[in-house]
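K.L.:
any chance you can model this:
(2 chains)
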Number of protein chains: 2
Amino acid sequence: MRHSHPELQKPKPLPKNGLRVVGLGGLGEIGRNMTVFEYQGKLLIVDCGVLFPEEHQPGIDVILPDFSWIRDRLDAIVGVVLTHGHEDHIGGVPYLLRERADIPLIGSRLTLALIKEKLKEHRIRPELREVAEGDELDLGPFSTEFLAVNHSIPDGLAVAIRTGAGLVLHTGDFKMDQFPLDQRITDLRGFARLADEGVDLFLVDSTNAEVPGFTTSERDLAPAIQKVFRDAPRRVIVSSFASHVHRIQQVLDAAHQHGRKVAFVGRSMVRNMGVAQDLGYLDVPPNLVVPLHELEKLPPNKATLICTGSQGEPMAALSRMANRDHKIRVAEGDTVLMASSVIPGNENAISNVINGLTRWGAHVVHKGNAKVHVSGHASAGELVYCYNIIEPRNVMPVHGEWRHLRANADLAISTGIDPDHVVIAEDGVVVDLVDGHAKITGKVAAGNVYVDAQTVGGATEATLQDRRTLAEEGVVTVLVIVDADTGLLADRPEFLVRGFVHQDGAFDPAEPIIERTLARAASEGIADAHQLEQMLTRDIGRWSHKTFRRSPLIISIVIDA
Amino acid sequence: MRHSHPELQKPKPLPKNGLRVVGLGGLGEIGRNMTVFEYQGKLLIVDCGVLFPEEHQPGIDVILPDFSWIRDRLDAIVGVVLTHGHEDHIGGVPYLLRERADIPLIGSRLTLALIKEKLKEHRIRPELREVAEGDELDLGPFSTEFLAVNHSIPDGLAVAIRTGAGLVLHTGDFKMDQFPLDQRITDLRGFARLADEGVDLFLVDSTNAEVPGFTTSERDLAPAIQKVFRDAPRRVIVSSFASHVHRIQQVLDAAHQHGRKVAFVGRSMVRNMGVAQDLGYLDVPPNLVVPLHELEKLPPNKATLICTGSQGEPMAALSRMANRDHKIRVAEGDTVLMASSVIPGNENAISNVINGLTRWGAHVVHKGNAKVHVSGHASAGELVYCYNIIEPRNVMPVHGEWRHLRANADLAISTGIDPDHVVIAEDGVVVDLVDGHAKITGKVAAGNVYVDAQTVGGATEATLQDRRTLAEEGVVTVLVIVDADTGLLADRPEFLVRGFVHQDGAFDPAEPIIERTLARAASEGIADAHQLEQMLTRDIGRWSHKTFRRSPLIISIVIDA
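P.N.:
Predicted coordinates:
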């Protein structure tokens, strides 16, 4: 197995018959999936998503892939294929279209409906090309073909890409539920047909590669959902992802069977379910769904609410109910069904919501105590089926942290694929498919681009470093008024302390440090305010660390009296 | 079931024949367990632990229980019973002893050895009273009796407390492993004997009350641990809690069987294993454990390292190995065994360690892909056994967040205990056992006491609020030099921006805001610098929010020219 090394350099020019593959996101992380294919000077992009920040990235809204490698070749882009409508696959599109608005977007009906809604908020009218499973479409030198895949949102597509360099198959996010609610299974027969032709490079979802066995069918959640509706003495409040149409379908069906009405709560839930119903992906029995104000007039045992906030997002409906900050007041006897995953990093937030709801008397059913969630991704067993039916010449695991990419690579190798043809590439690593062999040939820029307060890239790693210091240690502003003639203190220094543990007067003992620093500067003939500020910041910082074992951010201001 | 309400007030005086129970920690959270019993003017304390901070508490070292309710009655404390040696049960002791150094500490041999080591660092020489299962000890008006319980550290004790108000049984942390490595099972026969006498109040560990069934035996980890040693081609690196003597015993045994030597890495691991071995809790075959520098001379397939860092702590050995910041350089073919739980909140840190180790080529075995961890707490099935054998008159779930306390209360009720005799109390809630009935009668102070830098309580909720703002939004220092005569700007204002997304010059357009504020102040005759600073901070803050949709911390400094 080949994998990328830190010392990788800018790649050499691509041979004429070669296909270049660069993941600008999703390789080494769960999120901001984006793969760029280059062939004969043209670029085809598969997905363009966002990554959500971790706790060491405070204040950040979302993280984008770094577009700098393609920025001076925007005109060479023949299209962006969107495999499905999740944020980590489409969320970056508005930012890419800001750079060139008429890049064609290719995707299934639901996917395009969702990206269109999103782009409306950004006031962008995109150029859309709808495709369905079985369709073929030439995009510059790339001949694409689309295959149905099953995932936690309807209408997902894998994409096969044919060029002179060979046949590539990119799964997008997928699993192989054999009994999906919409009967639309992952097209393993299509995969087999491609295998007969010969798949030269297989890019495959790694999210669940560490999970042994097979992902349970969505249908197997029915008993637990039914039980909730059978047992609930009062209201049923359901939270789920606003894009999980099939999960919500199951809830709607159960509510209907048990003679309850349903109201949707939360902007994205209302919007997405409207889109899904209009396009026929959600089958809503007549008169089942009512506006919230009508639902509130019904007896509690006739009411079902379906709301956002399954990840404990503080501003979403469910968190606000848990904090009694929502007009829906959870009470003793209510049942809350959290029919969703726990995305890593959200555990505490979700647990706080469960605690809050329980405290108001609700009975909370969640994946920790009932079978109310299944993953949207193929587990190890399913991936092995894919490798065995496709027998690809080269494998490049995508969509995962290092551990997932590595586990997926190991699975490929375990089915007999030559380890020398399995590449683990991180974001920005260049993989060239030349003469039937995929090899790592270099690396391009692929850092984090932060969206923060209406800016793209305004926050940098240095900003975040400052923020982490501010959070952990606080800030001390030091105002030093200097006698312009002597260079010494003209007045007592002033210390303004925030977020630092020692408050009033804690820094007063640092006055001699300041005197000493100024005296040294004076003796060395240093009078420049900026230079003095740097010296003071350093010396006060040292004193603080010695005195308090803490290193707050020190902001020194020197002014002449 | 009774539970506490926000409107609870200071309790009335305790009737003469009554026993008062106040949890100052551990009720509504996992950590800082501390229960205070009051009888006839005397106080008996069970445990005094610390709580580890969450991400919204940046910079905090640990959180202590609030001692203010007992602070003016320190002389009334007859002793602190320590049920076992975990930090969340003993970590607060040094801070309590700072208030009164000669409070007797009562506990088992291992527990006392561990607290003694800890107090050495604080230069406190405690008054210790060793007890063992079966022992009885009178502490003022409290007659105590100790019973063996099984947990994830050896030598745990439950405590029965007899007073004129009745018989109380407090489990401490426990589970009911029927095949523990040391054959020391939880003394269910003793529980039954107390039940015959009549248990008036049962305080019981809620940590795993939501988990159905029975906690697997520690012994059942042997196959997975054996497999690691059988298959590992090169070094085996094991991380675990430094107090989990039995887990480490299993690793030592496996290493020994497979002809490997072992070195301990990390200060707390070396120290605790020394204590455990000296006292006979850890059985180390001769010549098995060697110093690290000797281990490094052996062939990799003869070497085992046992180290700290199972929770992804950035300064611990395992994280540093993952970041190539440790002299032990993890390499292709090494096997890392993370034989430990994932404490909620640590998921991302642990996953980052797994990714880092995998990236260097290690094969990482963890609870997500092998049976290498079992919990130290009784699951629902075990708790039900306890309720049925003890048939307590009153139940008070302890050790848990709201969801866990509630689940435990529901279990008690499901076994037939009168819901009116099951109390869910949060930290500080006063429960009085009077005439055989435990009732909530009030609430005392029980806030968070933060240990930060070298202070106790120096950081407050306001400090943390500032820190969160600093982290999310950054800080802007505004220097405004005012003409003393006119009250207007004497010079251009200076903006120093840190941790804020918009850097250079972003605030320059706020100059007219400052001019306007100063003009208004001048017209109203406001010249006090402090008052001006408040006005400027407010107006610049508003401008910032309007302009950037962000609210950095604004520090205004006004000086006269």
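K.L.:
grab the nearest non-local neighbour of A:Asn301.
P.N.:
Excluding the flanking residues, the one nearest A:Asn301 by CB to CB, 6 or more residues apart in numbering or on different chains is A:Arg234, at 5.8 Å. The way it works is simple: take the backbone N, C-alpha and C, and place the C-beta from them, glycine included.
K.L.:
what of A:Gly49?
P.N.:
Distances taken as CB to CB, 6+ apart place A:Asp88 nearest to A:Gly49, at 4.0 Å, with adjacent residues excluded.
K.L.:
and that neighbour, that's in a helix?
P.N.:
Yes: assessed with DSSP: H, G, I helix; E, B strand; the rest coil, A:Asp88 lies in a helix.
K.L.:
what's the closest non-adjacent residue to the closest residue to chain B within the stretch 101-250 of chain A?
P.N.:
Closest approach between the stretch 101-250 of chain A and chain B, counting by CB to the nearest CB: A:Glu210, at 5.8 Å. Closest residue to A:Glu210 apart from its sequence neighbours, by CB to CB, 6+ apart: A:Ala407 at 4.5 Å.
K.L.:
so the one you found makes contact with A:Asn208?
P.N.:
No: with contact defined as CB atoms under 8 Å, A:Ala407 and A:Asn208 do not form a contacting pair (9.0 Å).
K.L.:
comparing those two, which shows the higher neighbour count?
P.N.:
More crowded of A:Ala407 and A:Asn208, by other CB atoms under 10 Å in any protein chain shown: A:Asn208, with 25 against 22.
K.L.:
how far away is the more buried one from B:Arg193?
P.N.:
Using CB to CB, to the nearest Å, one obtains 51 Å as the distance from A:Asn208 to B:Arg193.
K.L.:
what do you get for A:Leu288?
P.N.:
59 Å.
K.L.:
list the contacts of A:Leu181.
P.N.:
A:Glu218, A:Arg219, A:His246, A:Gln249, A:Gln250 (CB atoms under 8 Å, 6 or more residues apart in numbering or on different chains).
K.L.:
in which helix or strand does the fourth one reside?
P.N.:
Translated: A:Gln249. helix A:245-257 (DSSP states H and E).
K.L.:
ok so, going back, residues contacting the residue nearest to A:Asn301?
P.N.:
A:Pro300, A:Asn301, A:Ala331, A:Gly333, A:Asp334, A:Thr335.
K.L.:
picking that back up, and the furthest pair within the contacts of A:Leu181?
P.N.:
Pairwise distances across those (CB to CB) peak at 10.9 Å, for the pair A:Arg219 and A:Gln249.
K.L.:
and for A:Ala407 and A:Asn208, which residues touch both?
P.N.:
Here A:Ala407 and A:Asn208 have A:Ala380 as joint contacts, going by CB under 8 Å, 6+ apart.
K.L.:
helix or strand for the residue nearest to A:Glu210, which one?
P.N.:
helix A:402-414.
K.L.:
ok, and for that helix, which residues are buried?
P.N.:
Neighbour counts over helix A:402-414 (16 or more other CB atoms under 10 Å in any protein chain shown) mark A:Trp402, A:Arg403, A:His404, A:Leu405, A:Arg406, A:Ala407, A:Asn408, A:Ala409, A:Asp410, A:Leu411, A:Ala412, A:Ile413 as buried.
K.L.:
residues touching it, excluding its own?
P.N.:
Here helix A:402-414 makes contact (CB under 8 Å, 6+ apart) with A:1, A:27-28, A:30, A:204, A:206-210, A:380, A:383-384, A:387, A:392, A:395, A:397-398, A:400, A:419, A:422, A:424, A:426, B:351, B:354-356, B:358-359, B:364.
K.L.:
which among those count as buried?
P.N.:
Neighbour counting by 16+ other CB under 10 Å classes A:1, A:27-28, A:30, A:204, A:206-210, A:380, A:383-384, A:387, A:392, A:395, A:397-398, A:400, A:422, A:424, A:426, B:351, B:354-356, B:358-359, B:364 among the contacts of helix A:402-414 as buried.
K.L.:
so which of those are in helices?
P.N.:
Mapping these onto helices (DSSP state H) picks out A:Ala380, A:Leu383, A:Val384, A:Tyr387, B:Ser351, B:Ile354, B:Asn355, B:Gly356, B:Thr358, B:Arg359.
K.L.:
in JSON lines: those residues, plus distance to B:Ser340.
P.N.:
Output for these, formatted as JSON lines (distance: CB to CB, whole Å):
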{"residue": "A:Ala380", "distance to B:Ser340": "23"}
{"residue": "A:Leu383", "distance to B:Ser340": "28"}
{"residue": "A:Val384", "distance to B:Ser340": "29"}
{"residue": "A:Tyr387", "distance to B:Ser340": "33"}
{"residue": "B:Ser351", "distance to B:Ser340": "14"}
{"residue": "B:Ile354", "distance to B:Ser340": "12"}
{"residue": "B:Asn355", "distance to B:Ser340": "17"}
{"residue": "B:Gly356", "distance to B:Ser340": "17"}
{"residue": "B:Thr358", "distance to B:Ser340": "17"}
{"residue": "B:Arg359", "distance to B:Ser340": "21"}
